[in-house]
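**Q** I'd like to go over a predicted model; first the sequence, then the structure.
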Amino acid sequence: MLYIKKWQKICKMHSAQILQIIKKTIALAGLCLLTVNDLFAHPVAEPGKPNIIYIYADDMGYAELGCYGQQKIKTPNIDRLAKEGIRFTQHYTSTPVCAPARCMLLTGRNGGHSYIRGNYELGDFPDSLEGGQMPLPEGTYTIGHMFQGAGYITGAIGKWGLGMVNTTGAPNKQGFDYFFGYIDQKQAHNYYPTHLWENDKPYPLNNPPFSVHPKVNKTLSDDGFASFIGKEYAPDVMTLKAKEFIKTNKDKPFFLYLPYTIPHVSLQIPPGSKAYKMYEGKFDSIPYYAEKGYTPNKEPLAAYAAMITQLDMYVGEIMEQIKQLGLDKNTIIMFSSDNGTTFNGGVNAKFFNSVDGLRGLKMDVFEGGIREPFIARWPGKIPAGKVTDMISVQFDMMATFADLIGIKAPKNDGLSLKPTLLGNSAAQKQHEYLYFEYPEKGGQVAIRLGDWKGVKIHVKKSGYKNTPWMLFNLKEDRGETKNLAAQHPELIKRFDAIVEKEHQPAHIKEWEFINPKFPMEK
């Protein structure tokens with residue numbers, strides 16, 4: 001009892017001090033809880049960070065835009081992007097086909113280091129067999145993760161191709177807060193699918209199921225051609241979702257990756273659209289009856305031109321929305337494509353001069369397969385009307401984005417293009433070389449070394465060592481027609497050293513065609 005009275009006396013004498021200690025303890029506990037929670041919450045970006053929209057066409061050739069010399073297809077909005085920003089004339093995709101190009105863009109890796117190096121298909125075309133492509137593995141660090149770590153809201157709207165929703169490659173697991181579009185790029189062969197995906201849930205469209213890979217039928221009627229047109233055009237819906245994403249996140253920094261499916265075949269465009277009416281009956285088209293796969297089309301030339309113009313209209317819509325929301329001066333808009341013009345599905349690259357006389361098309365490491373348009377616009381920061389011949393590549397984008405938003409880039413194979421973008425070419429670092437490795441179409445390797453370019457094709461047939469290099473001087477021979485390998489053995493030796501340095505063994509046998517420990521295809 002005596003001890004209790006003494007304690008009551010002490011408490012009465014020092015009640016203010018005890019109360020202050022309790023308050024400090026509670027505050028400290030609250031601070032600790034806040035700190036722990038913050039570790040798992042989405043960081044908040046610093047005010048003033050620029051929004052970035054990266055628009056990615058699908059199978060668009062180097063010269064299919066007016067600002068790159070196209071004469072027959074109208075692209076006024078993308079041309080305005082170039083007029084108000086900078087246009088690159090020697091910019092490359094990382095590899096000449098869909099899924100690996102996307103992987104290398106998002107991870108900042110070249111063809112010798114990338115986890116995904118080819119279109120490794122899973123499942124099949126019917127909805128019931130939708131399986132996607134080989135997924136990005138757990139632990140992959142993408143541009144999306146990088147932006148999230150810097151406090152950005154991230155969105156990907158369009159074609160994914162890097163793993164289904166139930167895999168480690170799902171976009172919501174690979175750095176994107178929001179996804180809408182095609183998860184499986186096989187489904188993207190159809191512009192009128194029964195569904196798209198919104199995050200990890202199917203998003204139904206009002207279209208009947210039909211195959212976009214029919215047998216050839218040269219007796220097809222008008223109704224037969226029309227049977228490959230549905231009611232809801234997927235790119236229209238994706239554009240609406242993109243605009244919703246921008247409006248929803250207008251008050252916070254955002255990164256929007258927009259990998260549209262246009263102009264990848266099938267040749268499908270709403271017949272009543274403004275874009276199609278611009279070209280309908282204009283070209284002397286021979287009907288396409290699916291001789292080279294994908295859907296038939298009565299006027300394939302008009303359809304192809306209209307699809308590109310339709311994409312241009314979407315770009316115009318996004319530009320206008322950015323302006324209306326007052327975001328114009330704080331938003332960087334970029335435009336490029338994943339690889340060169342295709343060779344099938346009714347597309348006529350020669351008619352449109354789609355690659356401006358460059359050699360090769362999609363799936364080739366020659367210039368026509370890998371040289372791509374690249375345009376960037378940022379009013380007040382990127383000087384208007386600039387054209388640069390700086391040699392650059394899409395795996396540069398991770399380093400470039402990091403530099404633009406003021407953070408340190410993770411380890412990658414690229415370099416920042418920020419100095420060139422902002423008009424400070426004197427501060428721009430240059431690539432010693434660009435390395436391209438593509439395991440499909442027989443196995444191909446290419447190296448850009450200044451004006452020189454070395455190419456090996458059909459490597460799987462004879463093996464890497466037994467396959468000769470071709471050597472071209474792109475400054476004098478942009479069409480890659482004169483093989484100068486015999487005159488420059490010193491360059492051939494250097495190319496071999498670069499391959500030895502850059503090639504890391506692929507994780508699956510189908511993609512390994514350089515390492516002599518693996519058997520070559522016979």
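**A** Yep, it's here.
**Q** neighbours around residue 492, how many?
**A** The number of residues packed near residue 492 is 15, by other C-beta atoms under 10 Å. C-beta here means a position set from N, CA and C on the backbone, and glycine is covered the same way.
**Q** can you check the one 5 residues further on too?
**A** For residue 497, the neighbour count with other C-beta under 10 Å is 10.
**Q** Figure out the helix or strand that it lives in.
**A** helix 489-502 (DSSP states H and E).
**Q** Ok, residue 318 next?
**A** Here residue 318 is assigned to helix 300-324, by DSSP H and E.
**Q** Which elements pack onto that helix?
**A** Applying 3 or more C-beta pairs under 8 Å, 6 or more residues apart in numbering; DSSP states H and E, one finds that helix 300-324 makes contact with strand 51-57, helix 76-83, helix 234-248, helix 274-277, strand 331-337, helix 349-352.
**Q** cutoff 6 Å now
**A** Contact here means 3 or more C-beta pairs under 6 Å, 6 or more residues apart in numbering; DSSP states H and E; on that basis helix 300-324 packs against helix 76-83, helix 234-248, helix 274-277.
**Q** how about the helices in the stretch 351-500 of the chain?
**A** For the stretch 351-500 of the chain, applying DSSP state H, counting those that start in this stretch gives helices covering 367-370, 397-404, 418-421, 459-462, 489-502.
**Q** Output these in a markdown table; the columns should cover distance to residue 341.
**A** What follows is the helices of the stretch 351-500 of the chain, written out as a markdown table (distance: least, C-beta to C-beta, whole Å):
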| stretch | distance to residue 341 |
| --- | --- |
| helix 367-370 | 7 |
| helix 397-404 | 22 |
| helix 418-421 | 26 |
| helix 459-462 | 24 |
| helix 489-502 | 27 |
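**Q** would JSON lines of those with mean pLDDT be doable?
**A** Listed next are the helices of the stretch 351-500 of the chain as JSON lines, based on pLDDT from 0 to 100:
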{"stretch": "helix 367-370", "mean pLDDT": "98"}
{"stretch": "helix 397-404", "mean pLDDT": "98"}
{"stretch": "helix 418-421", "mean pLDDT": "98"}
{"stretch": "helix 459-462", "mean pLDDT": "94"}
{"stretch": "helix 489-502", "mean pLDDT": "97"}
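**Q** Of the ones you listed, which is nearest residue 450?
**A** Closest to residue 450 of those is helix 489-502 (C-beta to C-beta; 10.0 Å).
**Q** Give me the buried positions along that closest one.
**A** Neighbour-count burial for helix 489-502 flags 491, 494-495, 498-499, 502 (criterion: 16 or more other C-beta atoms under 10 Å).
**Q** circling back: for my notes, please list the helices and strands packed on helix 300-324 in a markdown table and give distance to residue 254 for each entry.
**A** Compiled in a markdown table, these are given as follows (distance: least, C-beta to C-beta, whole Å):
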| stretch | distance to residue 254 |
| --- | --- |
| helix 76-83 | 19 |
| helix 234-248 | 7 |
| helix 274-277 | 28 |
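**Q** Can you tell me which of these is nearest to residue 372?
**A** helix 76-83 (13.0 Å).
**Q** which other residues reach the closest one?
**A** By C-beta atoms under 6 Å, 6 or more residues apart in numbering, the list of residues contacting helix 76-83 from outside reads 65-67, 312, 315-316, 335, 375, 377, 385.
**Q** Please identify which of these is nearest to residue 455.
**A** Using C-beta to C-beta, those come closest to residue 455 at residue 65, 25.7 Å.
**Q** next one: phi and psi at the nearest residue to that closest one once chain neighbours are set aside?
**A** Leaving aside its chain neighbours, residue 65 sits nearest to residue 75 (4.7 Å; criterion: C-beta to C-beta, 6 or more residues apart in numbering). Phi and psi for residue 75, reported as degrees, to the nearest 10, are phi -140, psi 60.
**Q** How many residues are close by residue 75?
**A** 24.
**Q** In this structure it contacts residue 68, no?
**A** No: using C-beta atoms under 6 Å, residue 75 makes no contact with residue 68, being 9.1 Å away.
**Q** low pLDDT regions in the stretch 1-150 of the chain?
**A** Across the stretch 1-150 of the chain, the ranges flagged by pLDDT under 70 are 1-42, 44-47.
**Q** Now do the strands in it.
**A** 51-57, 86-92, 121-123, 130-133 (DSSP state E, counting those that start in this stretch).
**Q** For residue 320, see how far away residue 279 is.
**A** Relative to residue 320, residue 279 is positioned 23 Å away (C-beta to C-beta, to the nearest Å).
**Q** Going by how many neighbours each has, rank those two and give me the top one.
**A** When residue 279 and residue 320 are compared on other C-beta under 10 Å, the one with more neighbours turns out to be residue 279, at 23 against 13.
**Q** Near the closest residue to the more buried one other than its chain neighbours, how many other residues are there?
**A** Distance criterion C-beta to C-beta, 6+ apart; nearest residue to residue 279, sequence neighbours excluded, is residue 302 at 3.9 Å. Residues contacting residue 302 under the criterion other C-beta under 10 Å number 23.
**Q** Need the buried residues of helix 489-502 in a markdown table (columns: distance to residue 395).
**A** Shown next, in a markdown table, are the buried residues of helix 489-502 (distance: C-beta to C-beta, whole Å):
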| residue | distance to residue 395 |
| --- | --- |
| 491 | 23 |
| 494 | 21 |
| 495 | 19 |
| 498 | 15 |
| 499 | 17 |
| 502 | 12 |
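**Q** hang on, the earlier thing: residues contacting the residue nearest to residue 65?
**A** Going by C-beta under 6 Å, 6+ apart, residue 75 touches 65-66, 312.
**Q** Then residue 128?
**A** Contacts for residue 128 (C-beta under 6 Å, 6+ apart) come out as none.
**Q** do the same with residue 475
**A** With contact taken as C-beta under 6 Å, 6+ apart, residue 475 is in contact with residue 451.
**Q** swap in residue 334?
**A** Going by C-beta under 6 Å, 6+ apart, residue 334 touches 54, 376.
**Q** Mind doing that once more with 8 Å?
**A** Contact analysis of residue 334 by C-beta atoms under 8 Å, 6 or more residues apart in numbering lists 52-55, 374-377.
**Q** give me the number of residues near residue 80?
**A** Neighbour tally, residue 80, other C-beta under 10 Å: 18.
**Q** what does residue 226 give?
**A** Using other C-beta under 10 Å, the number of residues around residue 226 comes to 11.
**Q** Assign the nearest residue to it once chain neighbours are set aside to helix, strand or coil.
**A** Once flanking residues are discounted, residue 226 sits nearest to residue 271: 7.6 Å by C-beta to C-beta, 6+ apart. Following DSSP: H, G, I helix; E, B strand; the rest coil, residue 271 is assigned to coil.
**Q** separation between residue 271 and residue 385?
**A** 37 Å.
**Q** so what's residue 122 up against?
**A** Residues near residue 122 by C-beta under 8 Å, 6+ apart: 131-134, 164.
**Q** if we can go back for a sec, ok, the contacts of residue 334 vs residue 389, which is closest?
**A** Here the nearest of those to residue 389, counting by C-beta to C-beta, is residue 374; it sits at 11.8 Å.
**Q** before we move on, back to that, which of the contacts of helix 76-83 has the largest number of neighbours?
**A** When these are compared by neighbour count (other C-beta under 10 Å), residue 335 ends up highest, at 29 neighbours.
**Q** re the thing from before, looking at the helices and strands packed on helix 300-324, spot the one closest to residue 467.
**A** Here helix 76-83 is closest among the helices and strands packed on helix 300-324 (C-beta to C-beta), at 38.6 Å.
**Q** Buried residues in that closest one, which are they?
**A** 77-82.
**Q** try stretch 374-389
**A** Burial within stretch 374-389, assessed by neighbour count using 16+ other C-beta under 10 Å, is assigned to 374-379, 381-382, 386, 388.
**Q** In strands only, show me those.
**A** Cross-referencing the buried residues of stretch 374-389 against strands under DSSP state E gives 374-377, 386, 388.
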